[in-house]
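Asker: Next come a sequence and a model predicted from it.
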Amino acid sequence: MTKLSVNINKIATLRNARGGNIPNVKTAAINCELFGADGITVHPRPDERHIRYKDVLEIRPIITTEFNIEGYPSDSFIDLVLSVKPDQVTLVPDAHDAITSNAGWDIVRFRLFLTDVISTFRKEGIRTSIFVDTNPENLEHAALTGTDRVELYTEPYATGFNVNAPGAVEPFVYAARIARDAKLGINAGHDLNLDNLRYLHQNIPWIDEVSIGHALISDALYLGLENAIQMYKRQLAD
C-alpha cells in the first residue's frame, strides 16, 4: 500500500500572508491525520516564508503517523532534524531562494557530501531519502550513499502526462526498477494531482510513499480537506 504524506507548507503560506495564527498549522496537521493521511511533510526553508523552524518543533509532538522533514542539509537544517528526530528526512538540493524544488541531486558530484550527512542521520535512527531525477547514473550512486530511499522528482512526468502519458511515465518506471534492484525504497513527489496520480501508481505500484502538498491543499479549497485527502487516497488504492 502506497502511503500518502500531506505537505502542509501551503497552510503556513496562507497564515504568513496575514500574520497571526490563522490558519493554524498544528490544527491542520492533526486534521490531516484524522482525515486519513498516512504522514505529514514539512519543508522549512531558511527564509521561513511558509513552515518555520518553530512550527517544526511544535508539530513534532502531535504527529501520530509519520513525520517527514524535507530540506537542504545546511548546518541549521541538520541541527533541526537531529533535535526533532522525524521518522524520515528527505534531502533536496534547493538553493536558499528556490520557489520550489526544481531538480534532483547530482549524486555523482555530491555523493561524498550526501554520504556524510546520511551517516549522521542514520546514527540517530532517522530514515533518509534523497530527491532524485530519473538519471540511471544518479540512482546507481544513490545506493552507495547509505540512503534508505530515493524520492523521484515527478515534475517532468506531470508536465508530459496530458501530452503522452505512456511516454511520460516510462523513464520513471525504469528509474524505479533500478532503485528497487538496488534495494532502495521509493518515494515520489512534485506536481502530482488527482489527474495523474493513479496512472503513476498503476505503473509503479511498489512506490512506498507519495508526498503531495500544493495540489491537495488547493483541491481542499473546493472539496474540503477531508474529502480531498480521501480522494487522493483512492488514487493509490488500486
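Answerer: Structure received. Residues are numbered from 1 along each chain as shown.

Asker: Which helix or which strand is home to the most centrally placed residue in the chain?
Answerer: In the chain, the centroid-proximal residue (C-alpha atoms, centre = their mean) is Ser211; its distance is 4.1 Å. Using DSSP states H and E, Ser211 maps to strand 209-212.

Asker: Flag every buried residue along that strand.
Answerer: Glu209, Val210, Ser211, Ile212 (16 or more other C-beta atoms under 10 Å). Every residue, glycine included, has its C-beta placed from N, CA and C.

Asker: Tell me which stretches of this protein form strands.
Answerer: 3-7, 39-42, 67-71, 88-91, 127-132, 149-153, 185-189, 209-212 (DSSP state E).

Asker: Residues touching the fourth one, excluding its own?
Answerer: Contacts with strand 88-91, where a contact means C-beta atoms under 8 Å, 6 or more residues apart in numbering, come from 39, 41, 66-73, 81, 105, 114, 117-118, 121, 126-131, 149, 151, 187, 211.

Asker: before we move on, back to that, now render the buried residues of strand 209-212 as CSV, adding pLDDT and distance to Asn24.
Answerer: Conversion of the buried residues of strand 209-212 to CSV gives the following (pLDDT from 0 to 100; distance: C-beta to C-beta, whole Å):
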residue, pLDDT, distance to Asn24
Glu209, 98, 25
Val210, 98, 25
Ser211, 97, 21
Ile212, 98, 21
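
Asker: Can you show me the helices along this protein?
Answerer: Taking DSSP state H as the test, the helices found in the chain are 9-18, 25-34, 53-59, 75-84, 107-122, 136-142, 155-161, 165-181, 197-203, 214-223, 225-235.

Asker: Excluding chain neighbours, give the residue nearest to Ile40 in space.
Answerer: Nearest non-adjacent residue to Ile40, counting by C-beta to C-beta, 6 or more residues apart in numbering: Ala29, 5.0 Å away.

Asker: Count the neighbours of the one you found for me.
Answerer: A count of nearby residues for Ala29, using other C-beta atoms under 10 Å, gives 25.

Asker: The one 3 residues further on too?
Answerer: A count of nearby residues for Cys32, using other C-beta under 10 Å, gives 29.

Asker: Please apply the same query to Ile63.
Answerer: Ile63 has 19 nearby residues by other C-beta under 10 Å.
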